[in-house]
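>>> A structural model of the following input is requested.
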Amino acid sequence: MSAGMLTTNVDLLVALSAAVSAFLAILVVAWPYLAKDQLGVRMAGVASEREQIRLRERARLNRSNGRATLRTEPRKLYQGIVEWFNLAKQAEDGDISLKLRMAGYRGRGPVVTFLAARLIAPVALLVIAALYVFVIMPFDRSLAVKLGIVLAVAGLGYYAPGLYVKNRITKRQNAIRRAWPDALDLLLICVESGMSIESAFRKVSEEIGTQSAELAEELSLTTAELSYLQDRRKAYENLGERTGLEGVRGVVTSLIQSEKYGTPLGHSLRVLAQENRDMRMSEAEKKAAALPPKLTVPMIVFFLPVLFAVIITPAVIQAMKLS
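Here you go, the predicted model:
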(Lines give C-alpha, C1' and ligand atoms only; values in the text may rest on other atoms or scores of the structure.)
Protein backbone atom coordinates (compact mmCIF):
# COMPACT_ATOMS: atom_id res chain seq x y z
CA MET A 1 0.00 0.00 0.00
CA SER A 2 1.40 3.38 -0.96
CA ALA A 3 1.90 6.25 1.42
CA GLY A 4 -0.77 8.34 -0.31
CA MET A 5 -3.46 5.71 0.10
CA LEU A 6 -2.53 5.24 3.75
CA THR A 7 -2.80 8.97 4.36
CA THR A 8 -6.19 9.03 2.62
CA ASN A 9 -7.53 6.18 4.76
CA VAL A 10 -6.31 7.82 7.95
CA ASP A 11 -7.95 11.11 6.98
CA LEU A 12 -11.17 9.26 6.16
CA LEU A 13 -11.09 7.48 9.53
CA VAL A 14 -10.49 10.72 11.39
CA ALA A 15 -13.32 12.40 9.51
CA LEU A 16 -15.66 9.48 10.22
CA SER A 17 -14.75 9.53 13.93
CA ALA A 18 -15.32 13.27 14.08
CA ALA A 19 -18.70 12.88 12.41
CA VAL A 20 -19.75 10.12 14.80
CA SER A 21 -18.55 12.17 17.79
CA ALA A 22 -20.45 15.21 16.58
CA PHE A 23 -23.58 13.10 16.04
CA LEU A 24 -23.34 11.56 19.51
CA ALA A 25 -22.74 14.95 21.12
CA ILE A 26 -25.84 16.35 19.39
CA LEU A 27 -27.82 13.25 20.44
CA VAL A 28 -26.74 13.62 24.08
CA VAL A 29 -27.72 17.28 24.14
CA ALA A 30 -31.06 16.68 22.43
CA TRP A 31 -31.91 13.45 24.27
CA PRO A 32 -33.92 15.09 27.09
CA TYR A 33 -36.09 16.74 24.44
CA LEU A 34 -36.49 13.59 22.35
CA ALA A 35 -36.97 10.92 25.04
CA LYS A 36 -40.29 10.70 26.87
CA ASP A 37 -40.07 11.50 30.61
CA GLN A 38 -41.53 8.32 32.12
CA LEU A 39 -40.80 9.41 35.66
CA GLY A 40 -42.56 12.71 35.18
CA VAL A 41 -45.57 10.97 33.66
CA ARG A 42 -45.74 8.49 36.55
CA MET A 43 -45.38 11.20 39.18
CA ALA A 44 -48.07 13.25 37.47
CA GLY A 45 -50.30 10.18 37.50
CA VAL A 46 -49.67 9.65 41.21
CA ALA A 47 -50.45 13.30 41.94
CA SER A 48 -53.62 13.08 39.88
CA GLU A 49 -54.69 9.91 41.69
CA ARG A 50 -54.01 11.53 45.06
CA GLU A 51 -56.07 14.56 44.05
CA GLN A 52 -58.93 12.32 42.93
CA ILE A 53 -58.84 10.47 46.25
CA ARG A 54 -58.85 13.79 48.08
CA LEU A 55 -61.81 15.07 46.09
CA ARG A 56 -63.67 11.80 46.60
CA GLU A 57 -63.11 11.90 50.37
CA ARG A 58 -64.21 15.51 50.52
CA ALA A 59 -67.37 14.69 48.58
CA ARG A 60 -68.08 11.73 50.87
CA LEU A 61 -67.61 13.85 53.99
CA ASN A 62 -69.78 16.62 52.56
CA ARG A 63 -72.53 14.10 51.86
CA SER A 64 -72.32 12.80 55.42
CA ASN A 65 -72.37 16.27 57.00
CA GLY A 66 -76.11 16.36 56.83
CA ARG A 67 -76.47 13.03 58.60
CA ALA A 68 -73.88 12.93 61.37
CA THR A 69 -70.91 14.76 62.75
CA LEU A 70 -68.21 13.92 65.25
CA ARG A 71 -68.12 17.45 66.62
CA THR A 72 -70.84 18.78 68.90
CA GLU A 73 -71.69 22.37 69.65
CA PRO A 74 -71.76 23.46 73.30
CA ARG A 75 -75.14 23.95 74.94
CA LYS A 76 -76.15 27.49 75.74
CA LEU A 77 -76.37 26.75 79.47
CA TYR A 78 -72.83 25.38 79.63
CA GLN A 79 -71.53 28.13 77.38
CA GLY A 80 -73.12 30.73 79.63
CA ILE A 81 -71.54 29.19 82.75
CA VAL A 82 -68.09 29.19 81.13
CA GLU A 83 -68.47 32.81 80.04
CA TRP A 84 -69.88 33.88 83.42
CA PHE A 85 -66.91 32.45 85.35
CA ASN A 86 -64.42 33.60 82.71
CA LEU A 87 -63.14 30.13 81.83
CA ALA A 88 -62.37 30.91 78.18
CA LYS A 89 -58.63 30.48 78.73
CA GLN A 90 -59.15 27.03 80.22
CA ALA A 91 -61.36 26.14 77.25
CA GLU A 92 -58.36 26.79 75.01
CA ASP A 93 -56.11 24.53 77.08
CA GLY A 94 -54.52 21.94 74.82
CA ASP A 95 -54.20 19.29 77.54
CA ILE A 96 -57.95 19.25 78.26
CA SER A 97 -58.77 19.11 74.57
CA LEU A 98 -56.26 16.29 74.00
CA LYS A 99 -57.65 14.20 76.87
CA LEU A 100 -61.19 14.66 75.59
CA ARG A 101 -60.11 13.66 72.07
CA MET A 102 -58.46 10.56 73.51
CA ALA A 103 -61.77 9.79 75.23
CA GLY A 104 -63.65 10.17 71.94
CA TYR A 105 -65.05 13.69 72.46
CA ARG A 106 -64.10 16.21 69.78
CA GLY A 107 -64.77 19.85 69.18
CA ARG A 108 -65.38 22.79 71.45
CA GLY A 109 -68.66 21.43 72.82
CA PRO A 110 -67.14 18.68 75.01
CA VAL A 111 -64.51 21.10 76.36
CA VAL A 112 -67.16 23.59 77.44
CA THR A 113 -69.29 20.79 78.89
CA PHE A 114 -66.32 19.42 80.85
CA LEU A 115 -65.47 22.82 82.35
CA ALA A 116 -69.11 23.47 83.23
CA ALA A 117 -69.41 20.00 84.80
CA ARG A 118 -66.44 20.72 87.08
CA LEU A 119 -68.40 23.70 88.41
CA ILE A 120 -71.86 22.12 88.51
CA ALA A 121 -70.93 18.73 90.01
CA PRO A 122 -69.48 20.07 93.31
CA VAL A 123 -72.51 22.29 93.90
CA ALA A 124 -74.96 19.49 93.06
CA LEU A 125 -73.19 16.96 95.28
CA LEU A 126 -72.90 19.56 98.04
CA VAL A 127 -76.67 20.08 98.04
CA ILE A 128 -77.40 16.33 97.86
CA ALA A 129 -74.95 15.52 100.67
CA ALA A 130 -76.33 18.32 102.86
CA LEU A 131 -79.90 17.11 102.37
CA TYR A 132 -78.88 13.52 103.12
CA VAL A 133 -76.81 14.35 106.23
CA PHE A 134 -79.02 17.04 107.79
CA VAL A 135 -82.54 16.19 106.59
CA ILE A 136 -83.09 12.69 105.19
CA MET A 137 -80.93 10.58 107.53
CA PRO A 138 -79.49 12.75 110.30
CA PHE A 139 -77.07 10.87 112.54
CA ASP A 140 -75.68 11.64 115.94
CA ARG A 141 -72.42 13.37 115.12
CA SER A 142 -71.02 16.84 115.72
CA LEU A 143 -71.62 19.67 113.29
CA ALA A 144 -67.94 19.72 112.31
CA VAL A 145 -68.05 16.06 111.26
CA LYS A 146 -71.20 16.61 109.22
CA LEU A 147 -69.72 19.65 107.49
CA GLY A 148 -66.53 17.69 106.79
CA ILE A 149 -68.52 14.92 105.11
CA VAL A 150 -70.47 17.43 103.01
CA LEU A 151 -67.30 19.25 101.92
CA ALA A 152 -65.54 15.97 101.12
CA VAL A 153 -68.42 14.93 98.87
CA ALA A 154 -68.35 18.35 97.19
CA GLY A 155 -64.58 18.02 96.59
CA LEU A 156 -65.17 14.60 95.06
CA GLY A 157 -67.62 16.25 92.67
CA TYR A 158 -64.85 18.50 91.34
CA TYR A 159 -62.70 15.49 90.40
CA ALA A 160 -65.59 13.33 89.17
CA PRO A 161 -65.59 14.64 85.55
CA GLY A 162 -61.84 14.06 85.30
CA LEU A 163 -62.20 10.52 86.64
CA TYR A 164 -65.00 9.86 84.16
CA VAL A 165 -62.87 11.07 81.24
CA LYS A 166 -59.90 9.00 82.45
CA ASN A 167 -62.11 5.91 82.64
CA ARG A 168 -63.35 6.52 79.09
CA ILE A 169 -59.76 6.92 77.85
CA THR A 170 -58.77 3.60 79.44
CA LYS A 171 -61.72 1.73 77.94
CA ARG A 172 -61.14 3.28 74.53
CA GLN A 173 -57.43 2.44 74.57
CA ASN A 174 -58.15 -1.15 75.57
CA ALA A 175 -60.61 -1.52 72.70
CA ILE A 176 -58.11 -0.08 70.21
CA ARG A 177 -55.22 -2.14 71.61
CA ARG A 178 -57.13 -5.42 71.19
CA ALA A 179 -58.04 -4.73 67.56
CA TRP A 180 -54.82 -2.99 66.48
CA PRO A 181 -52.81 -6.12 65.43
CA ASP A 182 -55.68 -7.34 63.23
CA ALA A 183 -55.96 -3.86 61.72
CA LEU A 184 -52.23 -3.93 60.91
CA ASP A 185 -52.64 -7.28 59.14
CA LEU A 186 -55.46 -5.85 57.04
CA LEU A 187 -53.42 -2.71 56.35
CA LEU A 188 -50.46 -4.85 55.26
CA ILE A 189 -52.64 -6.82 52.85
CA CYS A 190 -54.05 -3.63 51.37
CA VAL A 191 -50.64 -1.98 50.97
CA GLU A 192 -49.01 -5.04 49.40
CA SER A 193 -51.92 -5.37 46.98
CA GLY A 194 -51.03 -1.96 45.55
CA MET A 195 -53.58 0.26 47.28
CA SER A 196 -52.64 3.77 48.33
CA ILE A 197 -52.38 4.52 52.02
CA GLU A 198 -55.63 6.56 51.95
CA SER A 199 -57.55 3.73 50.31
CA ALA A 200 -55.95 1.23 52.69
CA PHE A 201 -57.00 3.23 55.75
CA ARG A 202 -60.53 3.60 54.42
CA LYS A 203 -60.83 -0.11 53.63
CA VAL A 204 -59.45 -1.16 57.00
CA SER A 205 -61.80 1.22 58.82
CA GLU A 206 -64.74 -0.40 57.04
CA GLU A 207 -63.62 -3.95 57.82
CA ILE A 208 -62.49 -3.42 61.44
CA GLY A 209 -65.69 -1.63 62.49
CA THR A 210 -67.41 -4.83 63.60
CA GLN A 211 -64.51 -5.61 65.95
CA SER A 212 -63.70 -2.14 67.28
CA ALA A 213 -65.85 0.87 66.47
CA GLU A 214 -63.31 3.12 68.22
CA LEU A 215 -60.44 2.06 65.95
CA ALA A 216 -62.65 2.35 62.86
CA GLU A 217 -63.50 5.90 63.90
CA GLU A 218 -59.83 6.84 64.35
CA LEU A 219 -58.83 5.38 60.98
CA SER A 220 -61.72 7.19 59.28
CA LEU A 221 -60.56 10.47 60.83
CA THR A 222 -57.02 9.80 59.62
CA THR A 223 -58.33 9.16 56.10
CA ALA A 224 -60.21 12.46 56.19
CA GLU A 225 -57.15 14.34 57.48
CA LEU A 226 -54.97 12.81 54.76
CA SER A 227 -57.47 14.19 52.26
CA TYR A 228 -57.72 17.67 53.80
CA LEU A 229 -54.35 18.47 55.36
CA GLN A 230 -51.50 19.57 53.16
CA ASP A 231 -48.94 18.16 55.61
CA ARG A 232 -49.60 14.42 55.63
CA ARG A 233 -47.17 13.96 58.50
CA LYS A 234 -49.52 15.94 60.74
CA ALA A 235 -52.35 13.52 59.96
CA TYR A 236 -50.23 10.58 61.09
CA GLU A 237 -49.08 12.39 64.22
CA ASN A 238 -52.69 13.22 65.10
CA LEU A 239 -53.52 9.51 64.98
CA GLY A 240 -50.79 8.78 67.52
CA GLU A 241 -51.88 11.64 69.78
CA ARG A 242 -55.56 10.70 69.74
CA THR A 243 -54.91 7.08 70.66
CA GLY A 244 -51.99 7.57 73.07
CA LEU A 245 -50.73 4.01 72.47
CA GLU A 246 -47.09 3.09 71.89
CA GLY A 247 -48.01 0.48 69.29
CA VAL A 248 -49.90 3.03 67.23
CA ARG A 249 -47.07 5.55 67.56
CA GLY A 250 -44.60 2.99 66.25
CA VAL A 251 -46.70 2.48 63.14
CA VAL A 252 -47.08 6.26 62.78
CA THR A 253 -43.28 6.62 62.83
CA SER A 254 -42.96 3.99 60.09
CA LEU A 255 -45.59 5.73 57.99
CA ILE A 256 -43.82 9.07 58.35
CA GLN A 257 -40.47 7.56 57.39
CA SER A 258 -42.00 5.81 54.41
CA GLU A 259 -43.66 9.04 53.33
CA LYS A 260 -40.45 11.06 53.70
CA TYR A 261 -37.71 8.69 52.57
CA GLY A 262 -39.60 6.20 50.42
CA THR A 263 -38.69 3.20 52.57
CA PRO A 264 -40.70 -0.02 52.02
CA LEU A 265 -43.72 -0.13 54.28
CA GLY A 266 -44.71 -3.80 53.98
CA HIS A 267 -41.84 -5.25 56.02
CA SER A 268 -42.28 -2.65 58.78
CA LEU A 269 -46.01 -3.33 59.04
CA ARG A 270 -45.39 -7.08 59.21
CA VAL A 271 -42.87 -6.72 62.04
CA LEU A 272 -45.03 -4.21 63.94
CA ALA A 273 -48.10 -6.41 63.59
CA GLN A 274 -46.21 -9.33 65.11
CA GLU A 275 -44.87 -7.16 67.94
CA ASN A 276 -48.33 -5.83 68.78
CA ARG A 277 -49.74 -9.34 68.73
CA ASP A 278 -47.01 -10.50 71.10
CA MET A 279 -47.77 -7.56 73.39
CA ARG A 280 -51.46 -8.46 73.40
CA MET A 281 -50.64 -12.06 74.26
CA SER A 282 -48.27 -10.92 77.02
CA GLU A 283 -51.00 -8.79 78.59
CA ALA A 284 -53.40 -11.73 78.47
CA GLU A 285 -50.81 -13.93 80.18
CA LYS A 286 -50.28 -11.29 82.88
CA LYS A 287 -54.00 -11.15 83.58
CA ALA A 288 -54.17 -14.94 83.71
CA ALA A 289 -51.21 -15.06 86.12
CA ALA A 290 -52.85 -12.46 88.38
CA LEU A 291 -56.12 -14.40 88.57
CA PRO A 292 -55.21 -16.96 91.32
CA PRO A 293 -54.27 -14.32 93.93
CA LYS A 294 -57.47 -12.46 93.18
CA LEU A 295 -59.52 -15.63 93.67
CA THR A 296 -57.93 -16.44 97.03
CA VAL A 297 -60.10 -14.18 99.16
CA PRO A 298 -63.42 -15.11 97.45
CA MET A 299 -62.58 -18.80 97.83
CA ILE A 300 -61.77 -18.37 101.52
CA VAL A 301 -64.93 -16.36 102.19
CA PHE A 302 -67.43 -18.31 100.08
CA PHE A 303 -65.98 -21.75 99.36
CA LEU A 304 -64.33 -22.89 102.60
CA PRO A 305 -67.38 -22.30 104.88
CA VAL A 306 -69.52 -24.41 102.57
CA LEU A 307 -66.83 -27.09 102.47
CA PHE A 308 -66.59 -27.16 106.25
CA ALA A 309 -70.35 -27.35 106.52
CA VAL A 310 -70.47 -30.31 104.11
CA ILE A 311 -67.71 -32.12 106.01
CA ILE A 312 -68.80 -31.37 109.59
CA THR A 313 -72.60 -31.60 109.25
CA PRO A 314 -72.74 -35.43 108.93
CA ALA A 315 -70.54 -35.81 112.01
CA VAL A 316 -72.75 -33.40 113.96
CA ILE A 317 -75.88 -35.32 112.91
CA GLN A 318 -74.34 -38.63 114.01
CA ALA A 319 -73.29 -37.15 117.34
CA MET A 320 -76.79 -35.83 117.89
CA LYS A 321 -78.30 -39.28 117.14
CA LEU A 322 -75.93 -41.03 119.55
CA SER A 323 -76.65 -38.58 122.30
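>>> burial count for residue 266?
Residue 266 sits with 13 neighbouring residues when counted by other CB atoms under 10 Å. All C-beta spots, glycine's among them, are computed from the backbone N, C-alpha and C.
>>> Without its sequence neighbours, what residue ends up closest to it?
Using CB to CB, 6 or more residues apart in numbering and skipping the chain neighbours, the partner closest in space to residue 266 is residue 192 (5.0 Å).
>>> Next: residue 110.
Nearest to residue 110 is residue 100, by CB to CB, 6+ apart, at 4.8 Å.
>>> Tell me how far the one you found lies from residue 229.
Between residue 100 and residue 229 the computed distance is 21 Å (CB to CB, to the nearest Å).
>>> Between these two, which is the more surrounded one?
Between residue 100 and residue 229, counting by other CB under 10 Å, residue 100 is the more crowded of the two (20 against 14).
>>> Please identify the helix or strand for that one.
Per DSSP states H and E: residue 100 is located in helix 94-102.
>>> Quick one: list the elements packing against that helix.
In terms of contacts (3 or more CB pairs under 8 Å, 6 or more residues apart in numbering; DSSP states H and E), helix 94-102 is packed against helix 108-131, helix 143-192, helix 232-243.
>>> Neighbours of the residue nearest to residue 243 when sequence neighbours are not counted, how many?
Leaving aside its sequence neighbours, residue 243 sits nearest to residue 176 (CB to CB, 6+ apart; 5.6 Å). Residue 176: 24 surrounding residues under other CB under 10 Å.
>>> mind listing what residue 176 touches?
The neighbours of residue 176, taking CB atoms under 8 Å, 6 or more residues apart in numbering as the test, are 212, 214, 215, 218, 243, 245, 248.
>>> let's see it at 10 Å
183, 208, 212, 214-219, 242-245, 247-248 (CB atoms under 10 Å, 6 or more residues apart in numbering).
>>> centre of the chain versus the helix holding residue 100, how much separation?
Computed by CA atoms, centre = their mean, to the nearest Å, the chain-centroid distance of helix 94-102 equals 13 Å.
>>> what does stretch 202-218 give?
Averaging C-alpha positions (CA atoms, centre = their mean) puts stretch 202-218 11 Å from its chain's average.
>>> So for it, first residue to last residue, what's the gap.
The first residue of stretch 202-218 is 10 Å away from its last residue (CA to CA, to the nearest Å).
>>> just to revisit the earlier point, gap between the residue nearest to residue 110 and residue 166?
Using CB to CB, one gets 11 Å for the distance from residue 100 to residue 166.
>>> Repeat that for residue 206.
Distance, residue 206 to residue 166, by CB to CB: 30 Å.
>>> Number of residues surrounding residue 180?
Around residue 180 there are 26 other residues, counting by other CB under 10 Å.
>>> Assess the claim that it and residue 252 are in contact.
No. Assessed by CB atoms under 10 Å, residue 180 is found out of contact with residue 252, at 11.9 Å.
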